[in-house]
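Chemist: Next input, structure requested:
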Amino acid sequence: MLVHIKDLIEDAQKGGYAIGAFNVHNLESILGVARAVIRANSTAIIQVSEGAIKYMGLKPTTHIVSTVAKNVADGAPIALHLDHGSSFQTVFECIAAGFSSVHIDASALPFDENIRLTKQVVELAHSKGVWVQGEVGAIVGGHGERGGKIDIPKANLQEVIEFTRKTGVDTIAAAIGTAHGTFENEDVDLELLRQIKAKVKIPFVLHGGSGIEDAKIRQAIKGGVNIINIGTDIKVAFSETLKKTCKDNPDETDPRKLMSPSIKAVEEVVYNKMVLFGSAGHYPLGSVET
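Modeler: Numbers count the residues shown, from 1 in each chain. So this is what the prediction gives:
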């Protein structure tokens with residue numbers, strides 16, 4: 001069932017675990033996440049990028065996630081979130097469509113313009129009861145990019161503090177050493193995280209969770225990370241499995257048979273992340289699918 005993201009975060013803070021925010025790209029990846037939720041007795045944030053919305057359509061996306069949450073994972077709390085909204089218009093449309101949380105990513109703009117746009121979004125969103133995630137210090141890379149090294153800048157602590165105070169955002173994402181995609185030199189700056197959490201008393205969102213070692217993820221959760229975004233691992237699992245399935249079955253013409261292994265691959269990735277993040281086992285539901 002779809003719930004407000006604030007309810008998930010409250011439970012996670014009490015339980016000392018992090019919630020996975022999983023990027024989806026089509027019906028099959030949504031099914032993979034939902035089945036992992038049931039299997040792990042967990043909760044999840046299903047999030048869509050502007051690219052995913054452009055591919056599936058906003059209304060179809062909302063209806064599919066809502067229907068899957070109700071019929072595949074009935075009783076399991078799932079929240080719907082916009083990831084990296086770049087404009088006021090995109091955020092407005094997602095709020096109108098029923099999202100309980102939106103991310104306005106104006107981090108590429110000059111700092112004062114980031115504050116101005118984010119504050120406008122917060123004023124609109126809060127009037128509708130919707131949470132807002134802001135971002136300071138652009139998080140580099142791209143979902144699906146892999147290998148090599150990349151220049152990874154980090155956020156300025158004082159800017160994170162000032163941004164949070166002036167905008168009134170509900171959750172904060174800041175560049176602390178990770179990147180979108182998976183790169184050899186990714187890391188989590190635990191000292192910067194500690195300094196942020198000491199000054200900013202709102203939930204922290206770690207972007208770029210796909211390329212980080214498990215041990216460092218556990219340390220980050222202990223350090224106060226509340227939400228961890230996973231995009232690349234899902235995209236790679238889905239596409240690599242689909243390519244192999246097509247190669248192994250060149251005469252198969254039923255798309256359902258070709259796509260089913262990819263659903264399972266997404267489920268495996270998401271299930272293992274739920275175990276790693278500590279959210280598994282907090283919502284015993286049994287097997288639900290209608």
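Chemist: quick one, strands of the stretch 151-290 of the chain?
Modeler: Assigned strands in the stretch 151-290 of the chain, in chain order: 171-174, 180-182, 204-206, 225-230 (criterion: DSSP state E, counting those that start in this stretch).
Chemist: Adjacent strands (with direction) for the first one?
Modeler: Going back to what we said before, that points to strand 171-174. For strand 171-174, the paired strands and their directions (DSSP bridges) read strand 131-136 (parallel), strand 204-206 (parallel).
Chemist: Tell me which of these sits most buried.
Modeler: strand 131-136 (a mean of 27; mean count of other CB atoms under 10 Å). Where you see a C-beta, it was placed from the backbone N, CA and C, and this is true even at glycine.
Chemist: can you put the strands paired with strand 171-174 in CSV and add mean pLDDT?
Modeler: Listed next are the strands paired with strand 171-174 as CSV, based on pLDDT from 0 to 100:
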stretch, mean pLDDT
strand 131-136, 96
strand 204-206, 97
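Chemist: Might one say that residue 33 is in contact with residue 265?
Modeler: No: the pair residue 33 / residue 265 is not scored as a contact, 11.9 Å apart, by CB atoms under 8 Å.
Chemist: and those two? which has more neighbours close in?
Modeler: Per other CB atoms under 10 Å, whichever of residue 33 and residue 265 has more neighbours is residue 33, with 31 against 23.
Chemist: can you list contacts of the helix or strand containing the more buried one?
Modeler: For residue 33, the host element (DSSP states H and E) is helix 27-40. With contact meaning CB atoms under 8 Å, 6 or more residues apart in numbering, helix 27-40 is reached by 22-24, 42-44, 46, 64-65, 68-69, 72-73, 76, 78, 234, 238, 259, 262-271, 274-275, 279-281, 283, 285-289.
Chemist: The same query, at a cut-off of 7 Å, please.
Modeler: Applying CB atoms under 7 Å, 6 or more residues apart in numbering, the contact partners of helix 27-40 are 22, 24, 43-44, 46, 64-65, 68-69, 72-73, 76, 78, 234, 238, 259, 262-263, 266-267, 270-271, 274-275, 280, 285, 287-288.
Chemist: again with stretch 64-74
Modeler: Applying CB under 7 Å, 6+ apart, the contact partners of stretch 64-74 are 1-2, 27, 30-31, 34-35, 37-38, 46, 78, 80, 288-290.
Chemist: Packing partners of the lengthiest strand in the chain?
Modeler: Longest strand of the chain, by residue count under DSSP state E: strand 78-85. With contacts taken as 3 or more CB pairs under 7 Å, 6 or more residues apart in numbering; DSSP states H and E, strand 78-85 sits against helix 5-15, strand 44-48, helix 88-97, strand 101-104.
Chemist: how far out from the middle of the chain is the last one?
Modeler: Per CA atoms, centre = their mean, to the nearest Å, the displacement of strand 101-104 from the mean C-alpha position of its chain is 11 Å.
Chemist: And the average pLDDT for that strand is what?
Modeler: For strand 101-104, mean pLDDT rounds to 97.
Chemist: helices or strands up against the helix or strand following that strand?
Modeler: Of the helices and strands lying after strand 101-104 in sequence (DSSP H and E), the nearest is helix 111-127. When contacts are defined as 3+ CB pairs under 7 Å, 6+ apart, helix 111-127 packs onto helix 88-97, strand 101-104, strand 131-136, helix 157-167.
Chemist: Tabulate the ones you listed (CSV), appending distance to residue 224.
Modeler: Listed next are those as CSV, based on distance: least, CB to CB, whole Å:
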stretch, distance to residue 224
helix 88-97, 26
strand 101-104, 19
strand 131-136, 16
helix 157-167, 13
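Chemist: Out of those, which gets nearest to residue 184?
Modeler: Residue 184 lies closest to strand 131-136 among the helices and strands packed on helix 111-127, at 23.9 Å (CB to CB).
Chemist: Let's see that closest one as PDB, backbone CA atoms only.
Modeler: Included here for strand 131-136 are C-alpha records, laid out as PDB according to Å, rounded to 0.1, in the frame of the first residue of the first chain:
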ATOM      1  CA  TRP A 131       7.700  16.400   1.800                       C
ATOM      2  CA  VAL A 132      10.700  18.000  -0.100                       C
ATOM      3  CA  GLN A 133      14.200  16.700  -0.500                       C
ATOM      4  CA  GLY A 134      16.800  19.400  -1.300                       C
ATOM      5  CA  GLU A 135      20.400  19.000  -2.500                       C
ATOM      6  CA  VAL A 136      23.600  20.900  -1.900                       C
END
